[in-house]
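Undergrad: sequence and predicted model, in that order:
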Amino acid sequence: MSAQPLRAVIVGGHIGRSHALGYLASDRIDLVAVCDIDPNTLEEFGDEFDVENRYTDYETMLREEEPDLVSIGTPQQLHAAMTILAATRYSPLAIVSEKPMASSTGEGYAMLAACERNGVKLAIGHQGRWMPRHETVRQLIADGAIGQVITAFAGPPKPDAGLMNIATHQLNYWQYMLGDPTPLWVLANVQRQTDRYERGWPAEDLAGLLVEFEGGIRLSMESDTPPEGLERDLRVITGSEGVIWLAGGTAGNVIRLLRHGASGWETIEASEAEFSDARTLELDALAAWATGEIDEHRGDANLAIHTLEILMGIYESARTHSLVRLPLQTKGSPLTAMIDAGDLPVRYPGHYDIRHKSATPD
């Protein structure tokens, strides 16, 4: 541990609250400033966590505070610009940006390049990599409990999920549980018949996808499909020597294992943990990574870029009506390209945002 706690700042007074809780729980870090463009949100944010230094301008905060750690808790369309600004002009030790990493692979790779050139470590906030159930499944697979993994299936998560909102978590945790294999191709489709948005960015109504990872592992996943007859957030992994069944919903810490030759299912209770606990572990590890105390971070953006490749691959497959090999050649957003080209005409007009429940589709 470094002699002095690292100085952390946060931009974004909504999701930034979870970052503040994580920083305050770590004895490696001092939270020295917060920022939000809305003065009311900023005051509430600062008061809640007793942070004296408050800013409505992000760059002013970076210049005056000279932070070691930067948390970016703004909507995804701002992640790239804010990361690149911090990395190129102010060079903190590390940046953690909220998920999804960016709105396109072009933005994501620009973030990686800026941080690499300036010696800044970049993590993306998929904190569920620190959840015990995901750690347990990863270890079971690594230990060969079900032999060679062949297929994985993810049922739809909670309603109003969205690929860039919740599926980014799902995909990233699949990568982690499977040992972070490289994705090779995507075959998918999306539907967008309503004028749906998520934190100000266009969102699809539903999606289905098939991904192949190196080693021949194929993942099928659903997002916002009808739940009838299927447990929400159900995850099943089939291997050459058994099956892992990861329950969804309130039983999310229960793992069922069926080994080849066994007479029945084995139940494994992963340690219970709140999502906030995972955030604390994520940020404490960020501080240790930033100072060189540890060599790797589970949220490393070099891993998260594969999640972004899959997400954009889903949209590109829908746009081109074809199997799409990764990494993508298209560097912009295939979803916005489809919308702009009129390839996803809105059948039910009425702009609404799934993060603002007062606005519902017509």
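TA: All right, it came through fine. Residues are numbered from 1 along each chain as shown.
Undergrad: surely P334 is in contact with M312?
TA: Yes: using C-beta atoms under 8 Å, P334 is in contact with M312, at 6.1 Å. Backbone N, C-alpha and C define where each C-beta goes, glycine included.
Undergrad: the more surrounded of those two?
TA: Using other C-beta atoms under 10 Å, the more surrounded residue of P334 and M312 is M312, with 30 against 24.
Undergrad: give me the secondary structure label for the more buried one.
TA: In three-state terms, and counting by DSSP: H, G, I helix; E, B strand; the rest coil, M312 is helix.
Undergrad: in the stretch 1-150 of the chain, where is pLDDT below threshold?
TA: 1-2 (pLDDT under 70).
Undergrad: now do the stretch 151-300 of the chain
TA: Residue ranges of the stretch 151-300 of the chain with pLDDT under 70: 228-231, 248-252.
Undergrad: rerun at 90
TA: 155-160, 226-234, 247-254, 269-276 (pLDDT under 90).
Undergrad: show me where it has its strands.
TA: Remark: strands assigned in the stretch 151-300 of the chain by DSSP state E, counting those that start in this stretch are 183-191, 194-198, 201-202, 206-213, 217-223, 235-239, 242-246, 254-259, 266-269.
Undergrad: okay, now A262: neighbour count?
TA: With other C-beta under 10 Å as criterion, A262 counts 10.
Undergrad: ok, the closest residue to T238 other than its chain neighbours to M338 distance?
TA: Using C-beta to C-beta, 6 or more residues apart in numbering and skipping residues adjacent in sequence, the residue nearest T238 is T151, 4.8 Å away. Computed as C-beta to C-beta, to the nearest Å, the T151 to M338 distance reads 29 Å.
Undergrad: which one of those two has more residues nearby?
TA: Each of T151 and M338 has its neighbours counted (other C-beta under 10 Å); M338 has more, 20 against 15.
Undergrad: which of the strands of the stretch 151-300 of the chain sits closest to I72?
TA: With distances scored as C-beta to C-beta, the stretch of the strands of the stretch 151-300 of the chain nearest to I72 is strand 201-202 (15.4 Å).
Undergrad: for that closest one, packing partners?
TA: For strand 201-202, the packing partners by 3 or more C-beta pairs under 8 Å, 6 or more residues apart in numbering; DSSP states H and E come out as helix 334-340.
Undergrad: which residues touch the helix it packs on?
TA: V190, R192, P202, E204, M312, Y315, E316, A318, R319, T330, L344 (C-beta atoms under 8 Å, 6 or more residues apart in numbering).
Undergrad: can you check stretch 203-213 too?
TA: Contacts to stretch 203-213, defined as C-beta under 8 Å, 6+ apart, come from residues 162-165, 167, 171, 178, 181-194, 196-197, 218-225, 310, 313-315, 317-318, 335, 354.
Undergrad: and that stretch, how far out from the chain's middle?
TA: For stretch 203-213, the separation from the chain centroid amounts to 15 Å (computed by C-alpha atoms, centre = their mean, to the nearest Å).
Undergrad: what does stretch 263-275 give?
TA: Computed by C-alpha atoms, centre = their mean, the chain-centroid distance of stretch 263-275 equals 23 Å.
Undergrad: buried residues in it?
TA: Neighbour-count burial for stretch 263-275, with 16 or more other C-beta atoms under 10 Å as criterion, is recorded at I268, A270, A273.
Undergrad: sticking with A81, tell me its helix or strand.
TA: Under the criterion of DSSP states H and E, A81 resides in helix 79-85.
Undergrad: who's in contact with that helix?
TA: With contact meaning C-beta under 8 Å, 6+ apart, helix 79-85 is reached by 11, 58-59, 62, 72, 74, 95, 97-98, 100-103, 107-108, 110-111, 114-115, 122.
Undergrad: please state the offset of it from the chain centre?
TA: Worked out by C-alpha atoms, centre = their mean, helix 79-85 lies 17 Å from the chain centre.
Undergrad: C-terminal to it, what's the next element?
TA: That would be, after helix 79-85 and using DSSP H and E, strand 94-97.
Undergrad: what packs against that next one?
TA: Short answer (3+ C-beta pairs under 8 Å, 6+ apart): strand 94-97 packs on strand 69-72, helix 79-85, strand 121-124, helix 275-290.
Undergrad: partners of that strand in the sheet?
TA: Strand pairing for strand 94-97, determined by DSSP bridges: strand 69-72 (parallel), strand 121-124 (parallel).
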